[in-house]
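> 3D model of this:
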Amino acid sequence: MSRALTLAVLIGLLAVAGDPTAAQTPPAGIEERVLLDNDSVRLVFVTYPPGADSDIHFNVGPEVTIVQEGELVLFAQGRREVLGPGAAHWLPDATTHLARNETDRPTRFWSLLLKRCD
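Model prediction:
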C-alpha cells in the first residue's frame with residue numbers, strides 16, 4: 001500500500017474514532033490504573049481477565065508493553081506474538097494491533113504510550 005493511501009486511511013480512522021491517544025473506557029472486565037498521563041507520555045498498569053482483549057485499535061505515537069504476570073498475545077503487523085512475564089514489545093507509531101489474554105488466569109502488564117518526545 002502506498003504511503004499516501006496509508007496516510008489517507010489513518011486520517012479517515014482518526015475522523016471516525018476521535019483522538020486515539022485520549023483516555024478511553026477499557027472494554028468490559030479490563031482494569032486500568034493510570035500512573036502518569038501528560039502531554040508526553042501515558043503510563044498504565046493493565047489487568048486483563050481470562051479471555052479479555054483490547055479490541056483492534058492503534059495509537060498515535062509508539063507504545064511499549066511489558067508483561068509483569070501471565071501471558072499476553074499480541075496481534076500486530078501480520079504476526080501473532082506470545083509475551084510472557086518479563087517480555088517487552090515495541091509497537092511503532094500508528095500500528096494497528098490487538099492484545100488478548102488467551103489463558104485461564106489474569107494477565108498484568110505495563111503500557112507506555114509515547115505521545116510526544118521533544
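> what lines up beside the one helix or strand Arg33 maps to in the sheet?
Assessed by DSSP states H and E, Arg33 sits inside strand 31-37. Here strand 31-37 has these sheet partners by DSSP bridges: strand 41-48 (antiparallel).
> what's the partner strand in contact with?
Residues outside strand 41-48 that contact it (Cβ atoms under 8 Å, 6 or more residues apart in numbering): 21, 23, 26, 29-37, 68, 70, 72, 99-101, 106-115. Just so you know, the C-beta spots here come from the backbone N, C-alpha and C atoms, and that holds for glycine as well.
> mind redoing it with 7 Å?
For strand 41-48, contacts defined as Cβ atoms under 7 Å, 6 or more residues apart in numbering pick out 30-36, 101, 106-115.
> report the buried members of those.
Buried members of the contacts of strand 41-48, scored by 16 or more other Cβ atoms under 10 Å, are Ile30, Asn101, Thr107, Arg108, Phe109, Ser111, Leu112, Leu113, Leu114.
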